[in-house]
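# Provided below are the primary sequence and the corresponding predicted coordinates.
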Amino acid sequence: MKRAVSLLCFLALPLAAQEYKIAVVSMLHAHVWLHLGTMLKGDKVKLVGVSETLPDLINRATHEDVIPQTQNVTRPGVPESLIFADWKKMIDQTKPDIVWAFTPTNGHVDVVRYCAPKGIHVIMEKPLAATWKEALEIQALARKYNILVLTNYGSTWQAAQYAARAAIDAGEIGPVWRLHGMQGSGGPGDPKTSSFAAWLADPVQNGGGAMMDFGCYLALWSVWLKGMPESVYATVQHMKPEMFPKVEDNATIVLNYKDGLAILEASWDFPPAQRLGNEIYGTKGSIVGNSIRRPGAPAPGGGRGAQQGEALAVTPLPPEGAEPIAYMMDRIRNKLPLDGPSALDLQVSVQEVLEAAKMSVKTGRAIPLPLQK
């Protein structure tokens, strides 16, 4: 009887009392500052450790700080007792259920190699890996040890892209034949003074420059909407060789499909207020921003060829699909695979496209897909 009562009491506990544990490996990727507050809040997962050795990053983490991209929302500091110098010892001592890697991109595979045999799920910042070979190894490890590997893209948690996908699937603009995407910024900063920019500007640690940093968003978007292309052609420019001598700061990737193409522009050279965004063209209309445009009467003030626009029906994402930790917890708790833009096989395909793009830059020709393993 006592055992039954104890079991019922356990089942009645709030989720916070049954929480999973999470540990952070490295803080070299600046996206860590966007998510550290959620982990410290502790209502979804319990933060049990953060590994880092750089004094400036440790100092920032252990003090109260304004969360980037918020209206002065602050997070508390990480208790110094949770700071570890050795990430492997941290994992062994704290035994987390999830590890979130904010390492340089080429460090993702090392984290998965260590965590997978221990049954620890892994989150990393986009892209999945620095090379296609590393991506294939991560995929194989995830399958062998039955763990989830989530590649975190900020775009994954934006409801508008799912509304666009739903409109396409419903045939509202006809078969998609052309994709045009522009993603970028004015650059990650000066590699001489920023630890974040230093590894991004390293061809080994990042796998490239702007092509990897922003091209991955565009490749994911294209492959998710239209599938794998028949070939990939890419060109790059070095607009700021004095700042980025080893990697490209501008890249254009063309995905050639049997029935269309995608033109993807990734850059660290966009000036402030530059219009960025993605455009989807079908045989019966287009989706630009959050609106569907179809041939018809000119819009007010429009000239010849203007198109009537109507707002996409954007539905808010459910709580379990609105941010990475909640999504990962839902998948683990319900024993579900990652799906949609987060599906691991899709992430590997994105890596294959990026690998082909790098090969195209070296050879000056279009690279047929699939690549040979």
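Right, received. Where do you want to start?
# Tell me how this protein divides into domains.
Domain segmentation of the chain under automatic domain parsing yields 13-154, 156-323+343-368.
# Those domains: which one's closest to Asn334?
domain 156-323+343-368 (9.0 Å; C-beta to C-beta). Where C-beta positions appear, they are placed from N, C-alpha and C, glycine not excepted.
# Now tabulate the domains of the chain in JSON lines and tack on mean pLDDT, distance to Leu336 and mean neighbour count.
Formatted as JSON lines, the entries for the domains of the chain read as follows, by pLDDT from 0 to 100; distance: least, C-beta to C-beta, whole Å; neighbours: other C-beta atoms under 10 Å:
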{"stretch": "domain 13-154", "mean pLDDT": "95", "distance to Leu336": "9", "mean neighbour count": "18"}
{"stretch": "domain 156-323+343-368", "mean pLDDT": "93", "distance to Leu336": "10", "mean neighbour count": "18"}
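# now for those domains, which one comes closest to Arg333?
Among those, domain 13-154 comes nearest to Arg333, with 8.3 Å by C-beta to C-beta.
# Which residue ranges of the stretch 51-200 of the chain form strands?
When assigned using DSSP state E, counting those that start in this stretch, the strands of the stretch 51-200 of the chain occupy the ranges 65-66, 74-75, 83-84, 98-101, 121-125, 149-152, 176-184.
# and the last one, which strands flank it?
Just to be clear, that refers to strand 176-184. Sheet pairing here is set by DSSP bridges, and for strand 176-184 it gives strand 260-267 (parallel), strand 277-282 (antiparallel).
# outside of the first one, which residues touch it?
It stands for strand 260-267. Taking contacts as C-beta atoms under 8 Å, 6 or more residues apart in numbering, the residues outside strand 260-267 that touch it are 176-185, 210-211, 213-215, 217-219, 222, 226, 229, 249-255.
# for the last one, same thing?
Strand 277-282 is contacted by residues 164, 168, 172-182, 218, 221, 225, 286-289 when judged by C-beta under 8 Å, 6+ apart.
# strand partners of the next helix or strand after it, parallel vs antiparallel please.
Counting by DSSP states H and E, the next helix or strand C-terminal to strand 277-282 is strand 286-288. Partner strands for strand 286-288, per DSSP bridges, with pairing direction: strand 277-282 (antiparallel), strand 291-294 (antiparallel).
# Export the ones you listed as a markdown table, with columns for distance to Asp86.
Below are the strands paired with strand 286-288 laid out as a markdown table (distance: least, C-beta to C-beta, whole Å):
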| stretch | distance to Asp86 |
| --- | --- |
| strand 277-282 | 42 |
| strand 291-294 | 51 |
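# Can you say which of these is nearest to Asn72?
Shortest separation from Asn72 across the strands paired with strand 286-288 is recorded for strand 277-282, at 27.2 Å, computed as C-beta to C-beta.
# just how off-centre is that closest one within its chain?
Its chain's C-alpha centre and that of strand 277-282 lie 20 Å apart, by C-alpha atoms, centre = their mean, to the nearest Å.
# now could you export just the CA positions of it as PDB?
Extracted in PDB, the C-alpha atoms of strand 277-282 (Å, rounded to 0.1, in the frame of the first residue of the first chain):
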ATOM      1  CA  GLY A 277      14.500  37.800 -46.800                       C
ATOM      2  CA  ASN A 278      13.300  34.900 -48.900                       C
ATOM      3  CA  GLU A 279      11.100  34.800 -52.000                       C
ATOM      4  CA  ILE A 280       9.300  31.700 -53.300                       C
ATOM      5  CA  TYR A 281       7.900  31.700 -56.800                       C
ATOM      6  CA  GLY A 282       5.400  29.200 -58.100                       C
END
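# still on that earlier bit, for Tyr20, which of the strands of the stretch 51-200 of the chain is the nearest?
Ranking the strands of the stretch 51-200 of the chain by distance to Tyr20, with C-beta to C-beta as the measure, places strand 98-101 first at 6.3 Å.
# Could you confirm Met243 falls within a strand?
No. Met243: not assigned to a strand; according to DSSP: H, G, I helix; E, B strand; the rest coil it is coil.
# Quickly note the distance from it to Ala251.
If you measure Met243 against Ala251 using C-beta to C-beta, to the nearest Å, the figure is 16 Å.
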